[in-house]
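> Model the structure of this input:
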Amino acid sequence: MQNSPINPGSQPISHDAKLEPSIGKLLLDLGKLNPDQAEKVLRLQKLESIRFGDAAIKLGFITDADVQQALSVQFDYPYLQPNQGNFRKDLVSAYEPFSAQVEALRALRSQLILRWFNEGNKALALVAANSGEGCSYLASNLAIVFSQLGEQTLLVDANLRNPVQHKNFNLTETRGLSDILIGRAGVEIITKVDSFMDLSILGAGTVPPNPQELLSKLSFVELMNDLTHQYDVVIIDTAPASQTFDAQSVAGLCGGALVISRLNETSHKDIQNLKEQLNGVGAQIVGAVINDF
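From the prediction side, this is the model:
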């Protein structure tokens with residue numbers, strides 16, 4: 001993991017409760033320091049006129065990763081430590097927030113805000129021509145970085161053929177989108193992810209025999225209307241577009257699509273076909289991502 005752009009320990013501890021939460025208090029609250037260690041850190045901080053976090057690291061009580069975690073709380077930018085949570089490690093936005101992959105995702109987020117979400121749109125379908133091109137990977141990580149910005153974000157797994165988001169986020173709720181569309185569940189089954197206060201997940205649910213028909217139902221239109229009123233950002237993962245027409249239907253309903261391809265693997269012909277299909281359903285291609293991770 002790359003170092004945080006925020007200088008570790010940049011907030012010195014103070015005995016004045018009015019200055020809380022300080023890095024020292026946060027480290028205590030997180031269980032990274034005990035009170036005796038905190039006193040030793042304070043003495044070294046005063047003796048050498050260094051930051052509290054630097055003093056704690058110098059004494060060997062904590063690591064740079066511990067300071068980064070405290071800073072994430074202080075600056076309301078949640079992420080997880082390597083062994084924290086039961087999510088898949090593919091969720092690099094959760095576990096490696098300062099990596100090259102996540103820097104690229106944040107840059108993509110900025111472009112999507114400027115080109116799509118600032119225009120009054122709420123939902124965006126992520127579409128790939130073929131399986132293995134990173135559509136689900138991008139959808140889950142993009143949803144996380146939007147939630148880290150403080151946007152009320154919902155990730156919907158509309159891949160009703162080979163869903164993965166319930167595995168990515170270790171969902172215990174087995175019902176999902178398909179169950180809502182046939183009237184056997186309501187939006188109360190949406191799972192709010194405790195580790196990210198602004199992130200919620202709607203898994204695919206029961207794998208149905210007729211995915212395309214379900215995604216074309218009026219109930220899906222009504223559901224999307226409800227969800228876009230409840231959330232700031234709705235990211236929708238879809239099935240491979242070259243194998244079914246599911247993704248095109250979802251993109252048409254959202255009005256916009258982010259096209260995903262894989263470097264040196266996705267053919268120009270597949271991309272061209274997908275572009276024509278999206279144009280045919282009235283979906284604007286908001287952007288294209290060449291995935292090389």
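
> dump the residue contacts of the residue nearest to the spatial centre of the chain.
Centroid check for the chain by C-alpha atoms, centre = their mean gives I144 as the closest residue, at 1.5 Å. Going by C-beta atoms under 8 Å, 6 or more residues apart in numbering, I144 touches L91, S93, A94, F196, L199. C-betas here are computed from N, CA, C, even on glycine.

> Pull out the buried residues from the residues you listed.
Buried members of the contacts of I144, counted by 16 or more other C-beta atoms under 10 Å: L91, S93, A94, F196, L199.

> pretty sure the fourth one belongs to a strand, no?
Think F196. No: F196 is assigned coil when assessed by DSSP: H, G, I helix; E, B strand; the rest coil, not a strand.

> in the protein, which segments are predicted with low confidence?
Filtered on pLDDT under 70, the chain yields the residue ranges 1-21, 72-78, 81.

> Could you pull out the helices in it for me?
Ranges of helices within the chain are 23-29, 35-48, 52-58, 64-74, 92-95, 100-115, 135-148, 165-168, 177-181, 211-215, 218-230, 246-254, 268-280, based on DSSP state H.

> Which of those helices sits closest to A158?
Between A158 and the helices of the chain, the shortest gap by C-beta to C-beta is with helix 246-254, which sits at 5.1 Å.

> Show me what that closest one is packed up against.
If you count contacts as 3 or more C-beta pairs under 8 Å, 6 or more residues apart in numbering; DSSP states H and E, helix 246-254 packs onto strand 123-128, helix 211-215, helix 218-230, strand 233-237, helix 268-280.

> what comes up buried for the second one?
It stands for helix 211-215. Neighbour-count burial for helix 211-215 flags P211, L214, L215 (criterion: 16+ other C-beta under 10 Å).

> how much space between the first one and A247?
In other words, P211. Look at P211 and A247: by C-beta to C-beta, to the nearest Å, they are 11 Å apart.

> what do these two both touch?
Counting by C-beta under 8 Å, 6+ apart, the contacts common to P211 and A247 are A239.

> Could you give the number of residues near the nearest residue in space to L124 that is not next to it in sequence?
The spatially closest residue to L124, leaving aside those adjacent along the chain, is G256, at 5.4 Å (C-beta to C-beta, 6 or more residues apart in numbering). Residues near G256, counting by other C-beta atoms under 10 Å, number 22.

> what's G256 in contact with, if anything?
Counting by C-beta under 8 Å, 6+ apart, G256 makes contact with W116, N121, A123, L124, A125, A283, Q284, I285, V286.

> May I see the buried residues of stretch 104-115?
L105, R106, L108, R109, L112.

> nearest to K58, of the residues you listed?
K58 lies nearest to R106 out of these, by C-beta to C-beta, at 31.2 Å.

> Am I right that the closest one is in contact with L142?
No: with contact defined as C-beta atoms under 8 Å, R106 does not reach L142; the gap is 9.8 Å.

> Quick check: neighbours shared by those two?
When C-beta under 8 Å, 6+ apart defines a contact, no residue borders R106 and L142 alike.

> can you list the domain ranges for the protein.
17-74, 92-291 (automatic domain parsing).

> Quick check: which of these is buried the most?
domain 92-291 (a mean of 19; mean count of other C-beta atoms under 10 Å).

> Over to that domain now: how far is its first residue from its last?
14 Å (C-alpha to C-alpha, to the nearest Å).

> Name the nearest residue to A283, ignoring sequence neighbours.
Excluding the flanking residues, the one nearest A283 by C-beta to C-beta, 6+ apart is A251, at 3.9 Å.

> N83: which of the domains of the chain is closest?
The nearest among the domains of the chain, by C-beta to C-beta, is domain 92-291 at 9.5 Å.

> next one: the closest one to chain centre, how far?
Remark: domain 92-291 is offset 11 Å from the chain centroid, using C-alpha atoms, centre = their mean, to the nearest Å.

> check contacts around the nearest residue to I182 once chain neighbours are set aside.
Excluding its sequence neighbours, the residue lying closest to I182 (C-beta to C-beta, 6+ apart) is L214, at 7.1 Å. By C-beta under 8 Å, 6+ apart, L214 lies in contact with L160, S178, L181, I182, P208, F220.
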